[in-house]
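**Q** With the sequence up front, the predicted model follows.
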Amino acid sequence: AHVPQEAATGPLPGDSRVDALIEAAYAHAATHHEGTVADYIPALATADPAQFGLSLVDVHGGTHEAGDAAALFSIQSISKAFVYALLCDAVGHEAALATVGVNNTGLAFNSVVAIELNGGHPRNPMVNAGALATTALIPAASPERRWLTIQHGLSRFAGRALELDDAVYASEMAANQRNAAIAQLLESYGRIRVDPAGVVDVYTRQCSLLVSAHDLAVMGATLADGGVNPVTGERVVSAEVARDTLAVMSASGMYENSGEWLFEIGLPGKSGVAGGIVCVAPGKGGIATFSPPLDAAGNSVRGQIATAYLSRALGLNLF
Ligand code: DON
């Protein structure tokens with residue numbers, strides 16, 4: 001399909017133009033039926049592959065949406081970006097860099113080989129190893145307090161109290177041997193210094209928080225707005241932390257396909273296996289999609305196509 005292309009210099013176009021392009025991006029992506037719904041977490045296998053939502057929230061809180069933008073799904077790996085932001089805000093740039101790292105692994109999100117190849121260093125907070133290390137570092141006196149800190153922090157990004165999907169949490173906990181192994185491996189390397197089982201539990205809860213595409217777009221808009229939620233007006237993290245988080249999302253947010261994503265879309269993004277993607281246009285807004293069928297790297301097929309369309313048509317590509 002012909003995709004209109006704008007240069008990335010100006011502000012977002014007017015509301016009616018954005019609305020028309022959201023509709024066009026949605027219609028274009030909806031013609032695609034490739035991909036498969038994740039089933040390694042049994043509760044995710046029951047997702048309706050036809051559900052498809054698209055939301056754009058700009059840095060003034062203006063909202064443009066199409067399809068199932070209010071449908072709820074588990075945030076999954078998208079939580080990693082926002083928990084990392086909370087960590088950077090709590091412990092600072094240097095400590096986060098030293099312990100978790102910022103380089104792409106070039107390997108799958110749940111790779112154990114990547115840990116071994118790097119002498120026990122998780123390399124970045126977007127893969128499971130780095131996300132488990134990130135969650136472990138969130139300052140808290142107990143796993144329960146750590147969970148409440150994360151739930152509250154992610155809720156501030158979204159501008160509403162996010163709740164747990166109990167069925168997804170229970171299902172993932174029962175099928176979580178790989179994450180348990182990764183956490184123990186990190187403990188053996190001294191990269192996790194609290195009880196690894198507690199870390200896996202909190203990490204699994206953070207992944208099981210329910211969000212909509214609209215919520216994710218508000219969360220993305222908060223990073224686009226230098227850490228201030230444009231809907232609530234609340235500062236969630238500092239501008240420096242928002243910038244650091246976007247850098248890490250750019251390098252590794254789409255796992256081993258992060259280079260292709262940057263090449264096609266040119267914006268920081270983060271995906272989750274339930275079918276969500278959040279994408280951030282710094283200074284402009286957040287774009288989020290929800291469509292469960294995934295490609296081989298675990299990224300939503302329709303989400304990537306709709307976001308690529310909007311990046312071009314709205315002139316968002318940073319490069
Ligand atoms: O740990 C896991 O495997 C899931 N809770 C999250 C993985 C995920 O979202 C990978 N994304 N594309």
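**A** That came through fine. Not measured: the values here are computed from a predicted model.

**Q** Up against the ligand, what does the stretch 51-200 of the chain have?
**A** Counting by Cβ under 6 Å from any ligand atom, the stretch 51-200 of the chain comes close to the ligand at 76, 77, 109, 110, 128, 172, 179. All C-beta atoms are positioned from the backbone trio N, CA, C, and that covers glycine.

**Q** Filter those down to the ones in helices?
**A** 128, 172, 179 (DSSP state H).

**Q** The second one and residue 180: what is the separation?
**A** Meaning residue 172. Per Cβ to Cβ, to the nearest Å, residue 172 is found 11 Å from residue 180.

**Q** Those two: who's more crowded?
**A** When neighbours are counted by other Cβ atoms under 10 Å, residue 172 and residue 180 differ, and residue 172 comes out ahead with 24 against 17.

**Q** pLDDT score for the more buried one?
**A** We have a pLDDT of 97 for residue 172.

**Q** next one: residue 9
**A** So, for residue 9, pLDDT stands at 67.

**Q** Between which two of the residues of the stretch 51-200 of the chain next to the ligand is the distance greatest?
**A** Farthest apart among these by Cβ to Cβ are 109 and 172. That separation is 14.1 Å.

**Q** So which elements touch the lowest-mean-pLDDT helix or strand in the chain?
**A** Least confident helix or strand of the chain, by mean pLDDT, DSSP states H and E, is helix 93-100 with a mean of 92. In terms of contacts (3 or more Cβ pairs under 8 Å, 6 or more residues apart in numbering; DSSP states H and E), helix 93-100 is packed against helix 78-91, helix 128-137, helix 239-252.

**Q** Deepest-packed of these, please.
**A** helix 128-137 (a mean of 29; mean count of other Cβ atoms under 10 Å).

**Q** okay, the angle between it and helix 239-252?
**A** If you take axes from the mean of the first three to the mean of the last three Cα atoms, to 10 degrees, helix 128-137 sits at 160 degrees to helix 239-252.

**Q** Next secondary structure element downstream of helix 128-137?
**A** Per DSSP states H and E, the first helix or strand lying C-terminal to helix 128-137 is helix 143-158.

**Q** Mind listing residues that contact that following helix?
**A** Residues outside helix 143-158 that contact it (Cβ atoms under 8 Å, 6 or more residues apart in numbering): 75, 79, 82-83, 85-86, 135, 138-140, 161-162, 164, 194-195, 198-199, 201-202, 205-206, 209, 211, 215-216, 218-219, 222, 229, 232, 234, 236.

**Q** The same query, at a cut-off of 7 Å, please.
**A** Helix 143-158 is contacted from outside by 79, 82-83, 86, 138, 140, 161-162, 198, 201-202, 205-206, 209, 211, 215, 218-219, 222, 229, 234, 236, using Cβ atoms under 7 Å, 6 or more residues apart in numbering.

**Q** Could you do stretch 80-96 as well?
**A** Here stretch 80-96 has contacts from 125-126, 131, 134-135, 137-139, 150, 153-154, 157, 206, 219, 237-238, 240-242, 244-245, 248-249, 253, 270, using Cβ under 7 Å, 6+ apart.

**Q** Return the distance of that stretch from the chain's centre.
**A** Distance of stretch 80-96 from its chain centroid, counting by Cα atoms, centre = their mean, to the nearest Å, is 14 Å.

**Q** Extract the C-alpha trace of it and format it as CSV.
**A** Output in CSV follows, covering the C-alpha atoms of stretch 80-96 (Å, rounded to 0.1, in the frame of the first residue of the first chain):
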residue,chain,number,x,y,z
LYS,A,80,10.6,-4.0,31.6
ALA,A,81,11.1,-0.5,30.1
PHE,A,82,9.1,1.2,32.8
VAL,A,83,10.5,-0.8,35.7
TYR,A,84,14.0,0.1,34.3
ALA,A,85,13.0,3.8,34.4
LEU,A,86,11.9,3.4,38.0
LEU,A,87,15.2,1.7,38.8
CYS,A,88,17.2,4.5,37.2
ASP,A,89,15.2,7.1,39.1
ALA,A,90,15.9,5.2,42.3
VAL,A,91,19.6,4.3,42.0
GLY,A,92,20.9,6.6,39.2
HIS,A,93,22.5,6.2,35.8
GLU,A,94,25.9,4.8,36.8
ALA,A,95,24.5,2.0,39.1
ALA,A,96,22.0,0.9,36.5
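
**Q** contacting residues for the residue in the stretch 101-250 of the chain positioned nearest to the ligand?
**A** Residue nearest to the ligand within the stretch 101-250 of the chain (Cβ to the nearest ligand atom): residue 207, separated by 3.6 Å. Residues in contact with residue 207 (Cβ under 7 Å, 6+ apart) are 74, 75, 76, 77, 79, 172.

**Q** Would you mind giving me the confidence score for it?
**A** Per-residue pLDDT puts residue 207 at 98.

**Q** What about it? Give its phi and psi, please.
**A** phi -70, psi -20 (degrees, to the nearest 10).

**Q** got it, and residue 258?
**A** phi -60, psi -30.
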